[in-house]
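Asks: 3D, please:
(2 chains)
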Number of protein chains: 2
Amino acid sequence: MNIGLDMMGGDFAPLEAVKGLQLYMSEDIRTASIFCIGDETQVRPLMEEYQVTSPNLHLVHAPEVIGYHEHPTKALKEKPNSSIAIGFHMLATGKIDAFLSAGNTGAMLVGAMFSIKPIEGVLRPTIATIVPKLNGGTGVLVDVGLNADCKPEQLNQFALLGSLYAESVLGIENPKVGLMNVGEEEGKGNILVQATYPLLKENRQVNFIGNIEGRDLFNDKADVIVCDGFTGNIILKLAESVYDLTLQRGFASDAYFSRFHYENYGGTPVLGVAKPVIIGHGISNAKAFMNMIGVGEKMIESQICAKMTDRFSS
Amino acid sequence: MNIGLDMMGGDFAPLEAVKGLQLYMSEDIRTASIFCIGDETQVRPLMEEYQVTSPNLHLVHAPEVIGYHEHPTKALKEKPNSSIAIGFHMLATGKIDAFLSAGNTGAMLVGAMFSIKPIEGVLRPTIATIVPKLNGGTGVLVDVGLNADCKPEQLNQFALLGSLYAESVLGIENPKVGLMNVGEEEGKGNILVQATYPLLKENRQVNFIGNIEGRDLFNDKADVIVCDGFTGNIILKLAESVYDLTLQRGFASDAYFSRFHYENYGGTPVLGVAKPVIIGHGISNAKAFMNMIGVGEKMIESQICAKMTDRFSS
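Replies: Next up is the predicted model:
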C-alpha cells in the first residue's frame, strides 16, 4: 500500500512530521510505502538528521506550501506545486492509496470533495471524530463540523458512514447507532432529529438503538453518535476543553482523561469520499503524525471506501 | 416577600424539601414568608420532626400531587388541588411573589406559560442554567431545552433575558453575551446563528462580544451564552456528565469541578414570564431546596420581572 503524507502541514511541520515518521518506522514491521510530500530543501536535511531512511520512504518534492489562512479553493488553484495539491493529484491518479495532512483544513476538504469526489449515492461527505469511552473502547461522533445545516437524509447516511468506520477501522462489531437528542423518547427534539428518527428506525443497514442525550457521549449506549455538524462541532470542542480542564486541575495522569489528548486520535477522517483522506490537528506532534499514518493504513487495509461504495450502491 | 414552595415536588420530597427549609431558616436573618404547599398529612409531621417552625412559614394544604410521568396540561386540569396547580393559582392571584418546585417539569412550564403568561413582547420564554466559570464566577447558558427549534429573533431575546438574569440575580455588571457557534468569525455557523449574529450586533440592550465555541463554555469570554434549546440541552447534559466523570475518576474533592453539582444551582429559572418561576432538579436534596429558595428571593428582590417588562416595552 502507498500512503501520501503532507510533510508541510501543521504548526510544527516539517519537524514533527519527520519525527512522526521516525516513530512510525521504529514500530513493528512496516510494509507500507510512504510518499513524503514536501519541500525537499527542508524535509531532506531533517530526515537525514533524524536518520529516517528506508527503501519504503519516498520523498516527493513540493516547493509550495498552502498556509493556514489562505482561501482553500484559490490556494489549491494557484499553488499546484503545494504539498496538498500534489497529494490530491497523486491520490486521484492512483499513485497513493490515502492522503494525510495536518495542513489547511479547508483545502483538505475542497481537495477531498473535488479531486476525489463523493461516493455515488452519498448526499454529503462528513467528518468524524473518535470519542474515548469509559468502558475502554472508542466511539465515533459524526458529523463534527463539515455540515452545519443538515437534512434528515444526511444524518441517516452519516449513521451508515460512521458505522462502517467503527466496524472497519475501530473493529467494533455491529456498532450501536445513537441519535443525539434532548430526550430518549421517540418524538423528542428539534424538527431535524424528529424527522431523522423514523429514517434511522427503518434503516436496515445500521443498528439503531434510539435517541441518546448529551450525558451519554462517554458511556456505552452508542458506538456511533449521529448529529448535525453544528451540534457535533460544539460537542467536540466542549469535550476537548474538558481535557484541558482536567490538566489545569492537575489530573494529567488520569488514565481515562489522558485518552482525550488529540494526539491519540490520528486525525479526522473524511467519510463518504471515494478514497481515504485524513485531516490532522493543526498542532500535530510526532505521535499524532504516527497515529495518523496508522489510521491511514487501517483505512486502506479494511477497504473502507470500497465497502462504502458497495453499501451506497445497494 | 412571599415565596411559594412546592413541598411535594422532587424524588425525595417532601422530606428533602422540609430539610431544605430547615437549612434555609438556619442561615442569617430570614425575612421572607414561605408558603409551604403540599399534603398537610405528610408535611406537618415532618416539619414538626425537624423542628421547622417559624411565624414566617405557612403551610398550605394541597391534597393532590402531580407525578413525574403525568401529562402536564391534563394533570393541571384534573388536579386543581395539586401543589403545582395551587402554587400557580397563588402566584397568579398575587398571594405569593415567586413559585418554586422540583416537581413535574412539564407542568411547571405549562403553569408558567398559561397561569402566569409571557411578558408582553417576549416571543418565547426560555429556561436558563448556571455555568461555573474557571475564574470563580458564574455564567448563564440560555436556552437549555424549552425551545428545541428557534428563530433568530428568539435567540436575540434570550440574550436580553439572560443578561437581565446575570445582572439582577448573579450580580454581573454589563454581562458579555456570546453566541454559541462553530467558529469565531462572523458568517460562521448554521443558518440560525448566521441570521442571529447581525441582530445581536445591532442590539443596543446587550453587550454582544461575538461568537464563542464549545471550548469557551467555562472560560470568561462570555457571561451569557446564547443558543437554541436543542444545542443548550445537549451542552447542559454533557457538562453535567463531566461532573459525574470527575467523581468516577476520583476527583470528588476538586474545588472547581465540585461547583458543577446541581445542588448549587438553585434550580432553573423560567425567564420571560411575568413572575418568578423556578424549576428544581428532580433529584433535589436539602441543599438544592435551600438554594432554590435563595434564588427565588433574589429574583423577587431584584424585581427582575419588572425589569424585563420594562425592557421589552421599550
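Asks: From now on I want contacts and neighbour counts done on CA atoms only, so please keep to that.
Replies: Noted.
Asks: ok, then the element right after the lowest-mean-pLDDT helix or strand in chain A?
Replies: When each helix and strand of chain A is scored by mean pLDDT, DSSP states H and E, helix A:255-258 comes last, with a mean of 84. With elements assigned by DSSP states H and E, the helix or strand that comes after helix A:255-258 is strand A:268-271.
Asks: what is the mean pLDDT for the following helix or strand past that following strand?
Replies: Later in the chain than strand A:268-271, the nearest helix or strand by DSSP H and E is strand A:277-279. Averaging pLDDT along strand A:277-279 gives 97.
Asks: swap in stretch A:184-198?
Replies: Averaging pLDDT along stretch A:184-198 yields 96.
Asks: give me the number of residues near A:P45?
Replies: 11 (other C-alpha atoms under 10 Å in any protein chain shown).
Asks: now the helices for the stretch 51-200 of chain A?
Replies: A:72-78, A:83-92, A:105-111, A:152-168, A:191-202 (DSSP state H, counting those that start in this stretch).
Asks: Identify the spatial nearest neighbour of A:D143, chain neighbours not counted.
Replies: A:G229 (4.6 Å; C-alpha to C-alpha, 6 or more residues apart in numbering or on different chains).
Asks: same check, this time on A:K95
Replies: Using C-alpha to C-alpha, 6+ apart and skipping residues adjacent in sequence, the residue nearest A:K95 is A:N2, 7.3 Å away.
Asks: How far away from the center of its chain is the helix ranked longest in chain A?
Replies: Of all the segments of type helix in chain A, defined by DSSP state H, the longest one is helix A:229-248. Here helix A:229-248 is found 17 Å from its chain centre; the criterion is C-alpha atoms, centre = their mean, to the nearest Å.
Asks: so for it, what's the average pLDDT?
Replies: Averaged over helix A:229-248, pLDDT sits at 92.
Asks: What of stretch A:302-314?
Replies: Averaging pLDDT along stretch A:302-314 gives 94.
Asks: which residues touch that stretch?
Replies: Identification of contacts with stretch A:302-314 by C-alpha atoms under 8 Å, 6 or more residues apart in numbering or on different chains yields A:119-122, A:161, A:164-165, A:168-169, A:272-276, A:299.
Asks: Which among these count as buried?
Replies: A:119, A:122, A:161, A:164-165, A:168-169, A:272-276, A:299 (16 or more other C-alpha atoms under 10 Å in any protein chain shown).
Asks: which strands and helices sit next to the helix or strand harbouring A:A17?
Replies: Element membership for A:A17, per DSSP H and E: helix A:15-26. Applying 3 or more C-alpha pairs under 8 Å, 6 or more residues apart in numbering or on different chains; DSSP states H and E, one finds that helix A:15-26 contacts helix A:40-49, helix A:286-301.
Asks: closest to A:D143 out of the ones you listed?
Replies: helix A:286-301 (18.2 Å; C-alpha to C-alpha).
Asks: Going by neighbour count, list what's buried in the next helix or strand after that closest one.
Replies: Using DSSP H and E, the helix or strand that follows helix A:286-301 in sequence is helix A:304-313. For helix A:304-313, a neighbour-count test (16+ other C-alpha under 10 Å) marks A:304-305, A:308-309, A:312 as buried.
Asks: returning to what we had before: let me know the angle separating the longest helix of chain A from helix B:191-202.
Replies: If you take axes from the mean of the first three to the mean of the last three C-alpha atoms, to 10 degrees, helix A:229-248 sits at 70 degrees to helix B:191-202.
Asks: could you check the angle helix A:152-168 makes with helix A:229-248?
Replies: 50 degrees.
Asks: So what touches helix A:229-248?
Replies: Around helix A:229-248, the neighbours that count as contacts under C-alpha under 8 Å, 6+ apart are A:129, A:141-150, A:252, A:257-258, A:260-261, B:180-182, B:189-190, B:213-217, B:231, B:235, B:242.
Asks: Show the subsequent helix or strand relative to the helix holding A:A17.
Replies: Immediately after helix A:15-26, counting by DSSP H and E, sits strand A:33-38.
Asks: Which other helices and strands does that following strand contact?
Replies: Using 3+ C-alpha pairs under 8 Å, 6+ apart, strand A:33-38 sits against strand A:2-6, strand A:57-61, helix A:83-92.
Asks: at 6 Å what do you get?
Replies: Packing partners of strand A:33-38 (3 or more C-alpha pairs under 6 Å, 6 or more residues apart in numbering or on different chains; DSSP states H and E): strand A:2-6, strand A:57-61.
Asks: Could you provide those strands in TSV, with additional columns for mean neighbour count?
Replies: Putting the helices and strands packed on strand A:33-38 into TSV (neighbours: other C-alpha atoms under 10 Å in any protein chain shown) gives the following:
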stretch	mean neighbour count
strand A:2-6	27
strand A:57-61	18
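Asks: okay but the residue nearest to A:K95 is in contact with A:D97, surely?
Replies: Yes - at 5.4 Å, A:N2 counts as touching A:D97 under the criterion of C-alpha atoms under 6 Å.
Asks: residues from the stretch 151-300 of chain A in reach of chain B?
Replies: Proximity of the stretch 151-300 of chain A to chain B (C-alpha under 6 Å from any C-alpha of the partner chain) is limited to residues A:190, A:214-215, A:234, A:237-238, A:241.
Asks: from these, which is closest to B:F289?
Replies: Scanning these for proximity to B:F289, where the rule is C-alpha to C-alpha, the winner is A:R215, at 23.6 Å.
Asks: so what are the domain limits for chain A?
Replies: For chain A, automatic domain parsing gives the domain ranges A:1-118+A:272-302, A:123-263.
Asks: Quick one: neighbours of the residue nearest to A:G187 when sequence neighbours are not counted, just the number.
Replies: Leaving out its chain neighbours, the residue that sits closest to A:G187 by C-alpha to C-alpha, 6+ apart is A:Q194, at 5.6 Å. A:Q194 is flanked by 15 other residues according to other C-alpha under 10 Å.
Asks: How about A:V242?
Replies: If you count neighbours by other C-alpha under 10 Å, A:V242 ends up with 19.
Asks: Give me the distance between it and A:Y256.
Replies: 12 Å (C-alpha to C-alpha, to the nearest Å).
Asks: Pull out the buried residues from stretch A:279-298.
Replies: Neighbour counts over stretch A:279-298 (16+ other C-alpha under 10 Å) mark A:279-293, A:295-298 as buried.
Asks: Next: stretch A:28-43.
Replies: Within stretch A:28-43, the residues that count as buried by 16+ other C-alpha under 10 Å are A:33-40, A:43.
Asks: again, but for stretch A:254-261
Replies: For stretch A:254-261, burial by neighbour count (16+ other C-alpha under 10 Å) applies to A:256-260.
Asks: Determine which two of these are furthest apart.
Replies: Within the buried residues of stretch A:254-261, A:Y256 and A:F260 form the most distant pair, 7.7 Å apart (C-alpha to C-alpha).
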